[in-house]
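[1] this one's sequence-less:
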């Protein structure tokens, strides 16, 4: 590993496209000053962001570390910190960070940092990694430091702890998450990486069908009578049923359910994690859509309904409660219409709306591998 001249340490943030690159670009604006302040040795840092799909085609840690090492050796970089939004695994555990002090490399898996305050957690992890990798070289010591690298994260209430390393792996220190808290942390991180709020605009045909269904149902007198007659528990049942139908239809029609061809416990655990994140991603997206439909239907009802006509058909005066009840019920009906409309979407459109770019590439890779396998 080269040492930069003039006391400047060149740090490269090698980030997968999409969310990792955005996170890297935001932290790069303040990282040099923060690293200089924390190093306390008069050292300056120059941070570069390089966006490229270094995880394309593989999730194997040794392969990824070799790619990062080869990419760093081809440039004038002292330290390389790679960021990915793919959940990586090591010896049955979820990887947080992989470090090689000899080569000045770090690989950070963003989902293991959780879904809340991700930008801050990622920045702290990168800072600790860079300072840890720069420390031994600056002091002339060899090997990893005796203090934990991710001390701020490895507290009593957090599931992050050191993980095992194979003899031939390009790593000196590794942190992983395990246990129920670790599983939940990774799951929330994967859901955030998929950006469930993008599901609604990504499914334009389903959204159009839901809006059209809601607009027609709002002016239908039968819908008025049903909404006025339904009790709150039945409205809740209608909501749960319509949302569940939409989630199930998208999962089946888009072939979003992951089936592992491997029989190992680790492969089955990985499949459960992927499927749980997909269901949560689609569920959050559908709930966002449902909430939006309530607001839109309410605005449409306030504009179009006549209180005298409504009262003559339902024998109930049109007050605020009736507006809200009708909008709530119509949102359930519209969601069913959206589920039917999603059948017009292509499988690729559904996957693009439900997954991050890295997860889409991973799914395509798995499909290609399954297609290349000979039939038995």
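    Perfect, thanks for sending it. Keep in mind it's a predicted model, so treat the numbers as computed, not measured. Numbers count the residues shown, from 1 in each chain.
[2] pLDDT below threshold where in the stretch 151-300 of the chain?
    Along the stretch 151-300 of the chain, the model assigns pLDDT under 70 to residues 151-158, 260.
[3] mind jotting down where the helices sit in it?
    179-194, 199-202, 204-218, 221-229, 232-253, 265-304 (DSSP state H, counting those that start in this stretch).
[4] run through the neighbouring helices and strands of the second one.
    Think helix 199-202. Helix 199-202 sits against helix 265-304, helix 347-354, with contacts defined as 3 or more Cβ pairs under 8 Å, 6 or more residues apart in numbering; DSSP states H and E. Where C-beta positions appear, they are placed from N, C-alpha and C, glycine not excepted.
[5] tell me which residue is most central in the protein.
    Nearest to the mean C-alpha position of the chain, counting by Cα atoms, centre = their mean, stands residue 193 at 1.6 Å.
[6] chain neighbours aside, what residue packs nearest to it?
    Leaving aside its chain neighbours, residue 193 sits nearest to residue 85 (4.1 Å; criterion: Cβ to Cβ, 6 or more residues apart in numbering).
[7] ditto for residue 190
    Using Cβ to Cβ, 6+ apart, the closest residue to residue 190 is residue 277 (3.9 Å).
[8] just give me the neighbour total for that neighbour.
    26 (other Cβ atoms under 10 Å).
[9] could I get the contacting residues of it?
    Neighbouring residues of residue 277 by Cβ atoms under 8 Å, 6 or more residues apart in numbering: 187, 190, 191, 194.
[10] and the first one, what is it in contact with?
    With contact taken as Cβ under 8 Å, 6+ apart, residue 187 is in contact with 273, 276, 277, 280.
[11] got those as JSON lines, with distance to residue 334 columns?
    As requested, the contacts of residue 187 are exported to JSON lines (distance: Cβ to Cβ, whole Å):
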{"residue": "273", "distance to residue 334": "32"}
{"residue": "276", "distance to residue 334": "27"}
{"residue": "277", "distance to residue 334": "27"}
{"residue": "280", "distance to residue 334": "23"}
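[12] looking at those residues, which is nearest residue 242?
    residue 280 (18.1 Å; Cβ to Cβ).
[13] now, among the contacts of residue 187, which is nearest to residue 93?
    After measuring those against residue 93 - Cβ to Cβ - the closest member comes out as residue 273, at 12.0 Å.
[14] the closest one and residue 190 touch, don't they?
    Yes: applying Cβ atoms under 8 Å, one finds residue 273 in contact with residue 190, separated by 7.2 Å.
[15] more neighbours: which of those two?
    residue 190 (27 against 19).
[16] and that one, how far from residue 118?
    Distance, residue 190 to residue 118, by Cβ to Cβ, to the nearest Å: 12 Å.
[17] repeat that for residue 109.
    12 Å.
[18] so between these two, which is more surrounded?
    Under the neighbour definition other Cβ under 10 Å, residue 109 and residue 118 were set side by side, and residue 109 has more, 29 against 19.
[19] phi and psi next, for the more buried one.
    Torsion angles at residue 109 (phi, psi; degrees, to the nearest 10) stand at phi -100, psi 110.
[20] skip the chain neighbours and tell me the closest residue to it.
    Per Cβ to Cβ, 6+ apart, closest to residue 109 is residue 88, 4.6 Å.
[21] pretty sure that neighbour sits against residue 95.
    Yes: using Cβ under 8 Å, residue 88 is in contact with residue 95, at 4.2 Å.
[22] starting at the chain centroid, how far to stretch 225-245?
    With Cα atoms, centre = their mean, to the nearest Å as the basis, stretch 225-245 stands 31 Å off its chain's centre.
[23] kindly report the same for stretch 254-262.
    For stretch 254-262, the distance to the chain centre is 18 Å (Cα atoms, centre = their mean).
[24] and it, how far apart are its ends?
    22 Å (Cα to Cα, to the nearest Å).
[25] hmm, back to that, what is the burial count for the residue nearest to residue 109?
    22.
[26] do the same with residue 91
    14.
[27] from residue 340, how far out is the closest residue to residue 313 other than its chain neighbours?
    With Cβ to Cβ, 6+ apart as the criterion, residue 313 has its nearest non-adjacent residue at 4.6 Å, and that residue is residue 221. Per Cβ to Cβ, residue 221 is found 23 Å from residue 340.
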